[in-house]
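Chemist: only geometry, no sequence info:
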């Protein structure tokens, strides 16, 4: 194993630690809007300064921040989750990491009325596993990234937690782009058609078109 590979893994470990710590802060913040601003500011710092940033070096040199829609409190849900025994299984080419298998294991309750359908949560198969929630919506390919966005990815520490009743917090203001939205170096699993929302979600991270200046 090369020193470069070792260094990359150390940087990736640090990136994941920082992201996990950030989401722990978010879960401990009583004001969702304040948590959202903290999340935005921390992500901008990571994208600009961290060696594991998905941005290319030339992009980082000109980076002025990621673009988001305004915070919309109506897009924050405490969702009941129901296990599913026969969820869909999707497989993706993960580039140098080989293939990735996603198995649907739970279904939301409470999103169909406001968003047009329920969502499936996926389990990323492999050692220890992890929870993954990708989706598309009416903004996909227009104002948001064309392959969809992610809301939860516990492998990377992206976990919004639950409320006092144990319902999963699904806040679409925290939707973010996969790494492949910024550079072809990255291979990312796409949102299965089962998670295509009819509603248009203007909140969350927008399409990355290069250097932007946030309001």
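Modeler: Done, it's in. These numbers were taken from a predicted model, which means no experiment stands behind them. Numbering: from 1, shown residues only.
Chemist: Tell me which helix or strand comes right after the worst-scoring helix or strand of the chain on mean pLDDT.
Modeler: Lowest on mean pLDDT, DSSP states H and E among the helices and strands of the chain sits strand 89-93, with a mean of 76. Counting by DSSP states H and E, the next helix or strand C-terminal to strand 89-93 is strand 99-109.
Chemist: so what's residue 169 up against?
Modeler: Contacts for residue 169 (C-beta atoms under 8 Å, 6 or more residues apart in numbering) come out as 27, 76-79, 160-163. Glycine gets a C-beta too; all of them are placed from N, C-alpha and C.
Chemist: The same query, at a cut-off of 10 Å, please.
Modeler: 26-27, 32, 76-79, 151-152, 159-163 (C-beta atoms under 10 Å, 6 or more residues apart in numbering).
Chemist: Please apply the same query to residue 183.
Modeler: Shown in contact with residue 183 (C-beta under 10 Å, 6+ apart): 53-56, 59, 208.
Chemist: That one and residue 54, how far apart?
Modeler: With distances taken as C-beta to C-beta, to the nearest Å, residue 183 is found 6 Å from residue 54.
Chemist: what residues do these two have in common as contacts?
Modeler: residue 208.
Chemist: Tell me how many other residues crowd residue 181.
Modeler: Using other C-beta atoms under 10 Å, residue 181 has 19 neighbouring residues.
Chemist: right, and it touches residue 190 too?
Modeler: No - look at residue 181 against residue 190 with C-beta atoms under 10 Å: they stay out of range, at 11.4 Å.
Chemist: Next, show the common contact partners of the two.
Modeler: What both residue 181 and residue 190 touch, as defined by C-beta under 10 Å, 6+ apart, is the set 146-148.
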